[in-house]
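Novice: Generate a structure from the sequence data that follows.
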Amino acid sequence: MQPWTALPRPTTPVCPPFEPSRPGKERNTILVTGATGTIGRELVQQFKAFGAHVIAGSSSGKTIGGVETRRVDFADAASLASALQDVDALFLLLPLQADMAQLASNAVAAARTAGVKHIVRSSGAGQPGLHRSCAGSG
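Specialist: Next comes the predicted model:
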């Protein structure tokens, strides 16, 4: 087995940009939550490299790589509403904690209310109980 190596980064976007969903906007705004984590930090940099209007969202509100940053508290509706203002797409990365499903539900509800048109969800967490239900499936 060969050691893991990173794939080369594409020089052009692999997907065409989607049309702005708000009148008068030149391009879409993408909010990446979990932007201080390993995946989120890389996503912010990739979107920025491709010229996307990206906003870094984190629970601390810490500045990330020279892009606009918004504080995101998944348990606070007002925080979510503020973070999602004028956002067209949400890349949803959540903290791995017991109430993760509720936090995801809060984020999706707030995104719907804010008029977010696209949500991408990524997680390194498995489905709770999946290991038991798959036992012996071979």
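Novice: Report the secondary structure element holding Ala78.
Specialist: According to DSSP states H and E, Ala78 maps onto helix 77-83.
Novice: Could you give me the buried positions within that helix?
Specialist: Across helix 77-83, burial judged by 16 or more other Cβ atoms under 10 Å covers 79-80, 83. The C-beta positions use only the backbone N, C-alpha and C, and glycine is treated the same way.
Novice: Packing partners of that helix?
Specialist: strand 68-71, helix 100-114 (3 or more Cβ pairs under 8 Å, 6 or more residues apart in numbering; DSSP states H and E).
Novice: mind giving me JSON lines with those and columns for mean neighbour count, mean pLDDT and distance to Gln46?
Specialist: Below are these laid out as JSON lines (neighbours: other Cβ atoms under 10 Å; pLDDT from 0 to 100; distance: least, Cβ to Cβ, whole Å):
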{"stretch": "strand 68-71", "mean neighbour count": "16", "mean pLDDT": "95", "distance to Gln46": "16"}
{"stretch": "helix 100-114", "mean neighbour count": "16", "mean pLDDT": "94", "distance to Gln46": "21"}
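Novice: Nearest the geometric middle of this protein, what residue?
Specialist: Phe91 (2.2 Å; Cα atoms, centre = their mean).
Novice: Pretty sure that residue sits against Leu43.
Specialist: Yes - proximity of Phe91 to Leu43 meets the contact threshold set by Cβ atoms under 8 Å, at 6.0 Å.
Novice: between those two, what contacts are shared?
Specialist: Val32 (Cβ atoms under 8 Å, 6 or more residues apart in numbering).
Novice: before we move on, back to that, adjacent strands (with direction) for the helix or strand that comes right after the helix holding Ala78?
Specialist: Sequence order places strand 89-92 as the next helix or strand after helix 77-83, per DSSP H and E. Strand pairing for strand 89-92, determined by DSSP bridges: strand 29-32 (parallel), strand 118-121 (parallel).
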